[in-house]
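# sharing a model prediction with you, sequence too.
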Amino acid sequence: MGWPSLGRNEAIRWIEVIDGSVGLLLEGGSGGKQSRLHPARLATRLREEKRSAARIILVALEQKSLTRLADAEIDGKRHHVLAFKDNGDEFRLYLDSKTKLPAEVEIMEDDPLEGDSKFTLHYADWRKVDGLIFPFNLRCELNGKPLQEEQIKSVRNNVPLGPDTFSVPEPIRNEKADAKPIASQWLLRRVAGNVSYQDLGRNPPVEFVQLAEGVYQIQGTSHNTVIIEMRDHLVAVEGPLYEERSYPVIKAVKERFPNKPIRYVIPTHHHLDHAGGIRGYMAEGAIVVAPFIATQFYASVAKAPHTLRPDSLQRNGRAVVIESYGGGRRILTDGSREIDIYPLPTSHAEDLQVIYLPREKILIEADHVSPRKGQVRPAPLVKEFVQGIDKLGLDVTTVAGIHGDTADIQAVRAAAKGEER
Ligand SMILES: [Zn+2]
């Protein structure tokens, strides 16, 4: 499977103003909604600022930990390599041995799915502006896969700025920072996709909402987990976000069902935010149930070393079992309750699975319906989803979202039609 796509195509507009250790976010551009920049978003920007071509050499020179590593070859060219640690992040700076210009800077950091990762910024297209040389092309990669590319059109030096340029209104400046300042490329990808990162560095509640006897939607943050109680074990649908979410959810589940291990975990699809916490369930010994096409993906997630920030699976080193299936549904049963898992490839994700409870007529889904207080917003994906479940011939009463809550099937069908008008 390829690199997770965001599955969205929309224009996003925002302005970030950073004044020292305070940030302001203007969503929708100037005149847009104002709020204090999330501490993790601020920390991430400040870390990126250190990698700016104008600063990186100075930042490196300030470091006590600065060392020179062996030269390395990039694209057939010899590079000098400098390394230093800053705020717990390991930086590696590559200088072209001929031009002596910085070629790239790597930050080594943990990724929920990929484990120990190289988050690289490449500088290219150096041009002179008023006697100073700047890279006009900036390219970010995560483990060699492209994340973002920036082509600069023009650079002006020493532009006079008014006193208000970087002003942050007093009420926003005085707000307390209420999340951990975690610098992370994960957050940058969430911002670029215009999807929630608000709970990063926070401890959102773990709320059990009962959908039917023995069926619980665990709410409290942007992504739910659904727990299904079987005779002598539990089945978890989705291990979303990251370890920091899986840990409190699993802890709460264990408290509620002390004698029932989580035997299976069923991820709805491979996207970063939906599968990012699955290793926590793997560490519990849960078997991953996935369609054939996603087997390799979950196998590599299970194997990825997490030495930079060891998670529960890195620490307990458990062997992970992945049960893949194809050519129809996969049934889990304890002789009384039945869980049917169906592959439902859509334009959002080719490895999408839906989880159907035939007795309760509940269908668990991600990213297509996402009900909010029982309401469903019309969208082409809702229509595609309804066509998919009709093709499978499922008798559904309630759709339970990994996002949001639940909706009656009538509301889902109405939203599917709403898009046709
Ligand atoms: Zn998705």
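Happy to help now that I have it.
# and Ser324, how many residues sit next to it?
Neighbour count of Ser324, defined by other C-beta atoms under 10 Å: 16. All C-beta spots, glycine's among them, are computed from the backbone N, C-alpha and C.
# oops, could you answer that again for Arg359 instead?
Neighbourhood size, Arg359 [other C-beta under 10 Å]: 12.
# gap between it and Pro343?
Taking C-beta to C-beta, to the nearest Å as the measure, Arg359 falls 22 Å from Pro343.
# same check, this time on Leu113
When Leu113 is compared with Pro343 (using C-beta to C-beta), they lie 20 Å apart.
# same check, this time on Ser35
Ser35 is 40 Å from Pro343, where distance means C-beta to C-beta.
# for the one helix or strand Tyr247 maps to, which positions count as buried?
Element membership for Tyr247 (DSSP states H and E) is helix 243-256. By neighbour count on 16 or more other C-beta atoms under 10 Å, the buried set for helix 243-256 is 243-246, 248-250, 252-253.
# ditto for stretch 367-385
Neighbour-count burial for stretch 367-385, counted by 16+ other C-beta under 10 Å, picks out 367-371, 376, 379, 381-385.
# check the offset of that stretch from the chain's centre.
21 Å (C-alpha atoms, centre = their mean, to the nearest Å).
# what lies in contact with it?
With contact meaning C-beta atoms under 8 Å, 6 or more residues apart in numbering, stretch 367-385 is reached by 7, 268-269, 271, 274, 344, 346-349, 365, 399, 401-408, 411-412, 414-420.
# do it and the ion meet?
Yes. Stretch 367-385 is in contact with the ion by C-beta under 5 Å from the ion, via Asp367.
# distance between the ends of that stretch?
Its start and end residues considered, stretch 367-385 measures 10 Å (C-alpha to C-alpha, to the nearest Å).
# look up which helix or strand the residue most central in space within the chain falls in, please.
By C-alpha atoms, centre = their mean, the mean C-alpha position of the chain lies nearest to Asp273, the distance being 3.7 Å. According to DSSP H and E, Asp273 maps onto helix 272-275.
# now the element after that helix, going C-ward?
Moving toward the C-terminus from helix 272-275, the next helix or strand (DSSP H and E) is helix 278-283.
# so how far is whichever helix or strand comes after that following helix off the chain centroid?
Sequence-wise, the next helix or strand downstream of helix 278-283 (DSSP H and E) is strand 287-291. Offset of strand 287-291 from its chain centre (C-alpha atoms, centre = their mean): 20 Å.
# run through who's touching whichever helix or strand comes after strand 287-291.
Counting by DSSP H and E, the next helix or strand C-terminal to strand 287-291 is helix 295-303. With contacts defined as C-beta under 8 Å, 6+ apart, helix 295-303 is touched by 1, 113, 267, 270, 275, 278-279, 282, 288, 290, 313, 320, 322, 324, 351.
# just stretch 317-330 next, same as before
Around stretch 317-330, the neighbours that count as contacts under C-beta under 8 Å, 6+ apart are 282-283, 285, 287-292, 294-295, 298-299, 302, 313, 340-343.
# list the buried residues for that stretch?
Within stretch 317-330, the residues that count as buried by 16+ other C-beta under 10 Å are 320, 322, 324-325, 330.
# just the ones of the residues you listed in helices?
Using DSSP state H, no member of those falls within helices.
# in strands, which of these fall?
Among the buried residues of stretch 317-330, the members found in strands (DSSP state E) are 322, 324-325, 330.
# on that earlier part again, out of the buried residues of helix 243-256, who's near the ion?
Okay, of the buried residues of helix 243-256, nothing touches the ion (C-beta under 5 Å from the ion).
# just curious, which of those is nearest to the ion?
Using C-beta to the ion, Arg245 comes nearest to the ion of those, at 16.0 Å.
# show the pLDDT at the residue of the chain found nearest the ion.
Going by C-beta to the ion, the ion is nearest to His271 of the chain, at 3.6 Å. Per-residue pLDDT puts His271 at 95.
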